[in-house]
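Enquirer: Let's see this in three dimensions:
(one chain, ligands or ions: 2)
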Amino acid sequence: MKETTQILREKGLKVTPQRIAVYNMLRSTTQHPNAETIYKTLEPANPTMSLATVYKTLDYFKQLGLVQELNVGEPSSRYDAVMKCHPHTVCTVCGCVRDLDMEELTELHKKLAQQLDFEVECEQLILYGKCAGCRGN
Ligand SMILES: [Zn+2]
Ligand SMILES: [Zn+2]
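Expert: Ligands and ions are numbered 1, 2, ... in the order given. As a prediction, this is how the structure comes out:
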């Protein structure tokens, strides 16, 4: 994996400890945190960080193609450092958001391409339901 510092430099961003912290967090989590969660997680180790900085940083990252914004119907967007388009599951009880890796989708893209004469490049698929923990297992 490339160094965060190097990635930020390649994008032409000034490298600051706070930007490194935000990007590192997004790279290392599968939780799809929103700005508030990122702020709350990083604030203890970065006491000078403000929520406004986190928002601004996420905005830069989004513009530069480092993160994607994910809207699952909540008031605030979530962020994902996985740039490849991929489907998500959202638990309607605890709100957890997970990545869904589905081979079948590639097949579906092919089928749609034939039936609709339309080349599918991406889909925004969100499956709503209950995660294992919330089903009381
Ligand atoms: Zn749940
Ligand atoms: Zn994701």
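
Enquirer: Shouldn't Arg9 be within a helix?
Expert: Yes: the assignment for Arg9 is a helix, going by DSSP: H, G, I helix; E, B strand; the rest coil.

Enquirer: Quick check: the gap between Lys84 and ligand 1.
Expert: Distance of Lys84 to ligand 1, computed by Cβ to the ion, to the nearest Å: 25 Å. For the C-beta atoms, the positions are set from N, CA and C on the backbone; glycine is no exception.

Enquirer: What is the burial count for that residue?
Expert: 8 (other Cβ atoms under 10 Å).

Enquirer: Tyr128 against Val93, yeah?
Expert: No: taking contacts as Cβ atoms under 8 Å, Tyr128 lies outside contact range of Val93: 10.5 Å.

Enquirer: For the protein, which residues are neighbours of ligand 1?
Expert: For the chain, the contact set with ligand 1 under Cβ under 5 Å from the ion comprises 91, 93-94, 131, 134.

Enquirer: Report the central residue of the chain.
Expert: Nearest to the geometric centre of the chain sits Asp80, at 1.2 Å (Cα atoms, centre = their mean).

Enquirer: Let me see the contact set for that residue.
Expert: Contacts for Asp80 (Cβ atoms under 8 Å, 6 or more residues apart in numbering) come out as 26, 32, 67-68, 70.

Enquirer: From those residues, pick the one nearest ligand 1.
Expert: His32 (13.5 Å; Cβ to the ion).

Enquirer: so the closest one, which of the three states?
Expert: Criterion first, three-state DSSP; result for His32: coil.

Enquirer: and if you look at Ile38?
Expert: helix.

Enquirer: The closest residue to it other than its chain neighbours is in what secondary structure piece?
Expert: Once flanking residues are discounted, Ile38 sits nearest to Val54: 5.4 Å by Cβ to Cβ, 6 or more residues apart in numbering. If you go by DSSP states H and E, Val54 is part of helix 51-63.
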